[in-house]
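>>> Just the structure for this:
(chains A, B and C)
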Amino acid sequence: MAEANTPDYKLVLEAALLSASEPLALADLKLLFEGTLDHAALVAALEQLQSDWSGRAVELVQLASGWRFRTRAEYQVYLDRLKPEKPPKYSRAVLETLAIIAYRQPVTRGDIEDVRGVAVSPGILKALEARGWIDTVGHRDTPGKPVLYATTRKFLDDLCLTSLAELPPLAELEKVIDTTHA
Amino acid sequence: MAEANTPDYKLVLEAALLSASEPLALADLKLLFEGTLDHAALVAALEQLQSDWSGRAVELVQLASGWRFRTRAEYQVYLDRLKPEKPPKYSRAVLETLAIIAYRQPVTRGDIEDVRGVAVSPGILKALEARGWIDTVGHRDTPGKPVLYATTRKFLDDLCLTSLAELPPLAELEKVIDTTHA
Amino acid sequence: MNAAADLPVVARLYGEPLVKLPADLYIPPDALEIFLEAFEGPLDLLLYLIRKANLNILDIPMAPLTAQYLEYVEAMRKMNLDLAADYLAMAAMLLEIKSRLLLPRPTPVSENEAEDPRAELVARLLEYERMKRAGHELDALPQATRDFEWTKVWFDAELVERLPDVSARDLQMAWLGILRQARNLRHHKVTREELSVREYMGHLLRRLQAGRVLKFEELFDPGAGVPQVVVNFLALLELARESLVLITQSEAFSPIYIALSDGGSEHA
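Purely as a prediction, here's the structure:
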């Protein structure tokens, strides 16, 4: 039985940390053993536990407010499948900006605004840059030296394209527009 | 990276089950692998995982609505030390009401009062509903259309029962008469 | 059941003078309220009396039981306790059963005896006792948060931001949207060839980042095939036309150098 005088500290710590809904501070964890485990031994047990869990899909981490188990980021892709949430979608503004950069690169922000007829919010370009889909490839030699944007290799990879030439051709689209808006 | 084609099924299952806030049914768990793990292999992996955890303070159990990790009862004495307040002890009135709903469901409040011989205070039913152990499943087609109560899946899960058939059998009272008069 | 075995006991109880509260049932008046609160109702109190006197629930001696029960009810009334109506209803029921038992029974028509007036009470007592015990047993089962805890490993949904999926077709549709908006198609005649040129323009710009200067020959991979070399060359010309690169050659037949124009070189 676990009520024996010397519990297996690591097992108790593990159970407490796995079932806690908040990070547990060292002071909390000490309560588990009613002061029979000193600070150094507690930290040593935690570190031992942390290393026991290395290589698993769950890890023991030390946060500002204490210790807690959490799932590793690399496994998020699996765990996300359990959630029926719909994947997020980009707004039309983001998609149009991306399309303009993809088809007309390298382009400046001004170019994008010319095509769309509206201002491009910095957030849009930042989001696409953060995603690694566009980056700056230089500056146009015009007043103000505006930054030039182009799509990246990651953009092609993420869209399963081997080159920009594989983007759907626009010529047919224009024909469609020509006929519908003639 | 975990995105490799063949993930370590056990690690993914472990992470999903440890972090889930509900028991996970086999159908849920299959979603983790997008159908690449068949039924038999999934069950085998779960049983393997269950045995991997034997001897720990946390165990993998199969419940009415699926699989879930929980701490072992022997370790509750430690975990209770972290709790600022003790979980509620249910009064006899609550327990009797719960028993009547569990064993005689679906029942109306009137049915419960007939068995207990006293009025059932609304607080009792509310407490059981708040715990998620009972809910209303319809109305009896009698004057006043009284609400019918039944136990929930969570009730079974929280008591680690896989079905109502696993409820403790009702006492054989004739025998009880002969043996108990203490 | 085995009512015959219980008969001597029952007989003795019947023979005893009524209305004597057993000594072990005596409760100091100030504790009566607490004592009565321990009962969940008239059925519970009846069960207690039956068990205490070791009576057979299937053959309840109604007279002494009713008397004892009324003692309690009377005590409650004397104490001015807020007596639940259920207790009085039960008292009425007990008295009614007792009186019916005293009436001469109609001769049984068959082997099945006529309904015992106590039958309903017995059924209710048995059912109540079953549920009372079941409640006990449920309470004895391990219970989440009382006897064990569910694991709650933190699943940080924010740890990895979920990003929207985009397909090439989405881009095409986005472009279609732009065109629809623009209505006048103006000069947006983009062809596949031009695209390739634009892709290489990007490649060249990247290679020239951080002030790098490339020799003209370095720009071309002869192994890549003629179309690519041509497209690459066109890209270079386009970059020059758009003043994005500087092409320099100090004298005829000396190496040609390509660098970003001033505008581009300041940014790494």
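>>> C-alpha only now, for contacts and for neighbours.
Noted.
>>> does A:I112 count as helix, strand or coil?
A:I112 carries the three-state label helix when classified by DSSP: H, G, I helix; E, B strand; the rest coil.
>>> residue boundaries of the strands in the chain?
In the absence of a named chain, chain A is used. Under the criterion DSSP state E, chain A contains strands at A:58-63, A:66-71, A:134-139, A:147-151.
>>> actually it's chain C I care about, not the one you picked
Secondary structure of chain C, counting by DSSP E: strands at C:214-215, C:245-248, C:257-260.
>>> Show me chain A divided up by domain.
A:7-80, A:92-180 (automatic domain parsing).
>>> Kindly check the end-to-end length of the first one for me.
Separation of the first and last residues of domain A:7-80 by C-alpha to C-alpha, to the nearest Å is 37 Å.
>>> one step back: the domains of chain A: which one's closest to C:D116?
Of all these, domain A:7-80 sits nearest to C:D116, with 57.0 Å by C-alpha to C-alpha.
>>> Tell me how far that closest one lies from the chain's centre.
25 Å (C-alpha atoms, centre = their mean, to the nearest Å).
>>> Give me the pLDDT for C:E266.
We note a pLDDT of 41 for C:E266 in this prediction.
>>> actually A:A57, not the one I typed
Taking A:A57 on its own, its pLDDT is 94.
>>> State the distance from the residue in the stretch 151-268 of chain C positioned nearest to chain B to B:T36.
Going by C-alpha to the nearest C-alpha, chain B is nearest to C:V153 of the stretch 151-268 of chain C, at 4.3 Å. Distance from C:V153 to B:T36, counting by C-alpha to C-alpha: 25 Å.
>>> The two: which is more packed in?
Relative neighbour count places C:V153 above the other of C:V153 and B:T36, with 26 against 12, counting by other C-alpha atoms under 10 Å in any protein chain shown.
>>> Might you report the residue contacts of the closest residue in space to the more buried one that isn't next to it in sequence?
Nearest residue to C:V153, sequence neighbours excluded (C-alpha to C-alpha, 6 or more residues apart in numbering or on different chains): B:S19, at 4.3 Å. For B:S19, the contact set (C-alpha atoms under 8 Å, 6 or more residues apart in numbering or on different chains) comprises A:R70, A:T71, C:T151, C:K152, C:V153, C:W154, C:F155.
>>> Now for those residues: which two are most distant?
A:T71 and C:T151 (12.5 Å).
>>> I'd guessed the residue of the stretch 151-268 of chain C closest to chain B sits against A:F69; true?
Yes: counting by C-alpha atoms under 8 Å, C:V153 does reach A:F69; the two are 5.6 Å apart.
>>> Find residues that contact each of these two.
A:L18.
>>> in the chain, which ranges drop under the pLDDT threshold?
Defaulting to chain A. For chain A, residues meeting the criterion pLDDT under 70 lie at A:1-6, A:84-87, A:171-182.
>>> let's do chain C instead
Residue ranges of chain C with pLDDT under 70: C:1-33, C:36, C:80-84, C:105-114, C:156-162, C:182-195, C:222, C:224-225, C:262-268.
>>> Would you mind giving the domain segments of it?
Taken from automatic domain parsing, chain C resolves into C:12-104+C:115-140, C:168-267.
>>> Make CSV from those domains and add mean neighbour count to it.
Shown next, in CSV, are the domains of chain C (neighbours: other C-alpha atoms under 10 Å in any protein chain shown):
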stretch, mean neighbour count
domain C:12-104+C:115-140, 16
domain C:168-267, 17
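>>> what does chain A put close to chain B?
A:1-3, A:11-12, A:14-16, A:18-19, A:28-29, A:31-33, A:56-58, A:70-71, A:74-75, A:77-79, A:81-82 (C-alpha under 8 Å from any C-alpha of the partner chain).
>>> List the contacts of the spatially closest residue to C:S261 that is not a sequence neighbour.
Closest residue to C:S261 apart from its sequence neighbours, by C-alpha to C-alpha, 6+ apart: C:V245 at 4.5 Å. With contact set as C-alpha under 8 Å, 6+ apart, C:V245 has these partners: C:L239, C:I258, C:A259, C:L260, C:S261, C:G264.
>>> ok, now with 6 Å
For C:V245, the contact set (C-alpha atoms under 6 Å, 6 or more residues apart in numbering or on different chains) comprises C:L239, C:A259, C:L260, C:S261.
>>> what's the closest of the residues you listed to C:Q181?
Of the contacts of C:V245, the one sitting nearest to C:Q181 (C-alpha to C-alpha) turns out to be C:L239, at 29.4 Å.
>>> got a list of what the closest one touches?
Here C:L239 is in contact with C:V245 (C-alpha under 6 Å, 6+ apart).
>>> if you set the cut-off to 7 Å instead, what comes out?
C:M201, C:V245 (C-alpha atoms under 7 Å, 6 or more residues apart in numbering or on different chains).
>>> Same check on A:Q50?
A:E59, A:L60.
>>> Next one: it relative to B:S65, how far apart?
31 Å.
>>> which residues in the chain form helices?
I'll assume chain A. Remark: helices assigned in chain A by DSSP state H are A:9-19, A:26-31, A:39-52, A:76-79, A:92-104, A:109-116, A:122-130, A:153-158, A:171-180.
>>> meant chain C, my bad for not saying
Under DSSP H, chain C gives helices at C:3-15, C:29-37, C:42-52, C:62-78, C:85-102, C:119-140, C:168-182, C:192-207, C:226-241, C:262-265.
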